[in-house]
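J.: sequence? don't have it. structure:
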C-alpha cells in the first residue's frame, strides 16, 4: 500500500494524469452500476486494487473498521484494525518478504469468501525463495471487506525465514 508510482498511459500522459486515467479504467472494481456485486467479485476487486496500489479503490472496497488477524508465529502476525492497521500489516509484511499471491479458487460461503491458492516470493533478509499454500478468509459486510484472516502453512514460511 505504498504511494503511487508515475506511469505513462497509452496517450502519452504521465504522473497524476496517467493515474487518473488508470483509475477510470478500473472504476468497475468499485462502481455502483445498480447491480449488486457478488462477495467473490468484491474480493477479486480488492486483490486487483492492491495489485494496482489503488488507495481510492481500496477505500471504496474495504470497511473502515476492517479486522486483520494472522498467526503471531509469523513476524508480521497479530491483530490489526481499520485502515491504519491494514497499512501497518502490509508494511510489516513487506519488510520481510517480496511476494505475490495466486488463487486456484474462491469459495463463496455466504458473507464469507475463502481464497485458496499459493504465495510465492523471496525473503528479503536471506534471499530464500518460497512457494507456500495459503487460504485467505474474507468477511463481507454491506458490500465491503470487513475482515481479512490470511492463513499460511506456518512451518514452511518459518523455514524460509530461518536465518533471516
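T.: All right, it came through fine. Being a predicted model, the structure only gives us computed values, none of them experimental.

J.: Now stretch 141-160: buried residues?
T.: Within stretch 141-160, the residues that qualify as buried are 144-150, 152, 157, 160, counting by 16 or more other Cβ atoms under 10 Å. In short, each C-beta sits where N, CA and C put it, glycine included.

J.: Helices - which of those residues land there?
T.: Taking DSSP state H as the definition of helices, the buried residues of stretch 141-160 contribute 157, 160.

J.: need the buried residues of stretch 141-160 in JSON lines with distance to residue 137 and pLDDT, can you?
T.: Listed next are the buried residues of stretch 141-160 as JSON lines, based on distance: Cβ to Cβ, whole Å; pLDDT from 0 to 100:
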{"residue": "144", "distance to residue 137": "15", "pLDDT": "97"}
{"residue": "145", "distance to residue 137": "11", "pLDDT": "97"}
{"residue": "146", "distance to residue 137": "12", "pLDDT": "98"}
{"residue": "147", "distance to residue 137": "8", "pLDDT": "98"}
{"residue": "148", "distance to residue 137": "8", "pLDDT": "98"}
{"residue": "149", "distance to residue 137": "4", "pLDDT": "98"}
{"residue": "150", "distance to residue 137": "8", "pLDDT": "98"}
{"residue": "152", "distance to residue 137": "12", "pLDDT": "97"}
{"residue": "157", "distance to residue 137": "17", "pLDDT": "97"}
{"residue": "160", "distance to residue 137": "22", "pLDDT": "96"}
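
J.: closest to residue 125 among the buried residues of stretch 141-160?
T.: Of all these, residue 160 has the smallest distance to residue 125: 10.3 Å, by Cβ to Cβ.

J.: surely that closest one meets residue 125?
T.: No. Counting by Cβ atoms under 8 Å, residue 160 stays clear of residue 125, with 10.3 Å between them.

J.: Show me the shaky parts of the chain.
T.: For the chain, applying pLDDT under 70 flags the ranges 1-36, 164.

J.: Fine, thanks again, bye for now.
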